[in-house]
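Chemist: give me coordinates for this.
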Amino acid sequence: MREQNTTGKARGRRRAVLVTLMVSLVVLMVSAALPLTGYLAHEMGLMQTAQAQESDSEEAVNPRAEYWRAVRGGVEGYSAVSGQETGVLIQNGGQNWRAVRNGPISFYGGSFIVFVLLVLAAKHIVKGKDKLESRTGRTVTRWSAFERIMHWYVAISFIILSITGLSLIFGRALLIPLMGKEGFAAWAQLAKPIHDYLSLPFAAGLFLLLLTWIGKNGLKSYDFEWLKSAGGAIGGGHPPAGFFNAGEKVFYWIVFLGGIALTVSGFFLLFPNLETVRESMQFWHIIHAASGLFLIAVALGHMYLGSIGTEGVLEGMVSGEVDEGFAKQHHSLWYEEVKGSAAPAKGEAAPGASSAAAT
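Modeler: Take a look at the predicted model:
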């Protein structure tokens, strides 16, 4: 009887131990799972919030949307930083400026430059250089030393400014694929200060040169005849022209007006702390980019005609002297004026002319 009682007690103790282990295991599992209920509650709360927002979307407006709408609208708040427009968190005009700069300005400006290059290439392939009909061996002084120095100073400065400016406008699209980000970053760090520091000396030289030639660029009645025939391209022959022909005068006034837009806009960009708000800076940047791209395209035509496009032009700007044949062919009225300024003796060159051998 005692053995049976002992056996029963042993079984009872084993059952109690087993039950205790099972309960402990369940408690441990529940305890381990308790932190996960936070995620479940969070997800359920988000679902309920989303459902509530969806159901109330027609009746109420998301306050966050209203807040960011006010921020993007340029509403000024408080800022501990002192200065102009420091209370404006986001100026939405910057997005519009970027869209215009990287859109129409870059596309149409770049396309116009490419178009001019294609036209010049086609002209040179089809027609070739505009050659002199004859050379006399006698030369006429056309450009003074001052004019030549200023011309080359402005020309070289403009080429450097054009290269650096184009790099900053089209660098992301064209140069990064070629140079890589690191290479373009190094070049941009060099191009930006070169563009900035050279801009004011260029502007001074440009307007000094324009003022020097302004008296010779007034339109005359014979200039309209030159324009009608496109300088002889329509109808043949060489229409009469003074010191500057009508095409050169048109180029002069394009540079004059475009130069004003370019330098005034560049001045405000160069000195952004002159109480200029961001909206004004964006406006001047668009003007600067548009006028710069247009002047680059026009200058390409001038460079072509003044170098390989027309015989005799480049040698005049280098030496200051042009052959009498060039003067008669392209600037007949000016040549007659120089020739008639004094009566040369028989066998002598016209006034203002010198022997080609002497040069």
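
Chemist: select the longest helix from this protein.
Modeler: helix 176-213 (DSSP state H).

Chemist: list the buried residues in that helix.
Modeler: Applying a neighbour-count criterion of 16 or more other Cβ atoms under 10 Å, the buried positions in helix 176-213 are 176, 179, 184, 187-188, 191, 195, 198-199, 202-203, 205-206, 209-210, 213. Every residue, glycine included, has its C-beta placed from N, CA and C.

Chemist: okay, now the domains of this structure?
Modeler: The record's domain parsing of the chain by automatic domain parsing lists 2-60, 93-144+217-355.

Chemist: among those, which is the most enclosed?
Modeler: Stretch with highest mean neighbour count among those: domain 93-144+217-355 (a mean of 16; mean count of other Cβ atoms under 10 Å).

Chemist: does anything pack onto the longest helix of the chain? Which helices or strands?
Modeler: helix 145-170, helix 246-270 (3 or more Cβ pairs under 8 Å, 6 or more residues apart in numbering; DSSP states H and E).

Chemist: now the last one: average pLDDT?
Modeler: Read it as helix 246-270. Helix 246-270 shows a mean pLDDT of 95.

Chemist: for that helix, packing partners?
Modeler: Counting contacts by 3+ Cβ pairs under 8 Å, 6+ apart, helix 246-270 is packed against helix 176-213, helix 221-228, helix 278-304.

Chemist: the longest one now?
Modeler: Under the contact criterion of 3+ Cβ pairs under 8 Å, 6+ apart, helix 145-170 touches helix 106-126, helix 176-213, helix 278-304, helix 313-319.

Chemist: quick revisit: right, and the helices and strands packed on helix 246-270 - which one's nearest residue 141?
Modeler: Among the helices and strands packed on helix 246-270, the nearest to residue 141 by Cβ to Cβ is helix 176-213 (15.7 Å).

Chemist: quick one: mean pLDDT over that closest one.
Modeler: For helix 176-213, mean pLDDT rounds to 93.

Chemist: turn the helices and strands packed on helix 246-270 into a markdown table, including distance to residue 239.
Modeler: Formatted as a markdown table, the helices and strands packed on helix 246-270 follow (distance: least, Cβ to Cβ, whole Å):
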| stretch | distance to residue 239 |
| --- | --- |
| helix 176-213 | 21 |
| helix 221-228 | 4 |
| helix 278-304 | 19 |
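
Chemist: hang on, residue 110 packs against residue 296?
Modeler: No. The pair residue 110 and residue 296 fails to qualify as a contact (Cβ atoms under 8 Å) at a distance of 9.9 Å.

Chemist: circling back: closest one to residue 103 among the helices and strands packed on helix 246-270?
Modeler: Minimum separation from residue 103 across the helices and strands packed on helix 246-270 (Cβ to Cβ) falls at helix 278-304, 11.0 Å.

Chemist: my read is residue 322 is in a helix, agree?
Modeler: No. Counting by DSSP: H, G, I helix; E, B strand; the rest coil, residue 322 falls outside a helix, being strand.

Chemist: mind listing what it touches?
Modeler: By Cβ atoms under 8 Å, 6 or more residues apart in numbering, residue 322 lies in contact with 139-140, 142, 312, 315-316.

Chemist: below-threshold pLDDT in the chain: ranges please.
Modeler: Along the chain, segments meeting pLDDT under 70 span 1-64, 67-91, 275, 342-359.

Chemist: let's see it at 80
Modeler: Where the chain drops to pLDDT under 80, the residues are 1-94, 232-237, 273-277, 341-359.

Chemist: circling back: so which of the buried residues of helix 176-213 is the closest to residue 127?
Modeler: Of all these, residue 127 sits closest to residue 213, with 28.1 Å by Cβ to Cβ.

Chemist: so how far is residue 101 from the closest one?
Modeler: From residue 213 across to residue 101, the span is 33 Å (Cβ to Cβ, to the nearest Å).

Chemist: do residue 305 as well
Modeler: According to Cβ to Cβ, residue 305 and residue 101 sit 31 Å apart.

Chemist: ok, residue 325 next?
Modeler: 48 Å.

Chemist: now residue 220
Modeler: Using Cβ to Cβ, residue 220 is found at 41 Å from residue 101.

Chemist: for residue 277, what are phi and psi?
Modeler: Residue 277 adopts backbone torsions of phi -80, psi 160, taken as degrees, to the nearest 10.

Chemist: return the distance of the residue nearest to residue 146 when sequence neighbours are not counted relative to residue 206.
Modeler: If the residues on either side of it in the chain are set aside, residue 146 comes closest to residue 212, at 7.7 Å by Cβ to Cβ, 6 or more residues apart in numbering. Distance, residue 212 to residue 206, by Cβ to Cβ: 11 Å.

Chemist: residue 331 now?
Modeler: To residue 206, residue 331 is 24 Å away according to Cβ to Cβ.

Chemist: just to revisit the earlier point, now for the contacts of residue 322, which pair is the farthest apart?
Modeler: Based on Cβ to Cβ, the longest span within those runs between 140 and 315 and measures 12.2 Å.

Chemist: now for these two: what residues contact both?
Modeler: 321-322.

Chemist: between the two ends of stretch 239-249, what distance do you get?
Modeler: End-to-end distance for stretch 239-249, by Cα to Cα, to the nearest Å: 15 Å.
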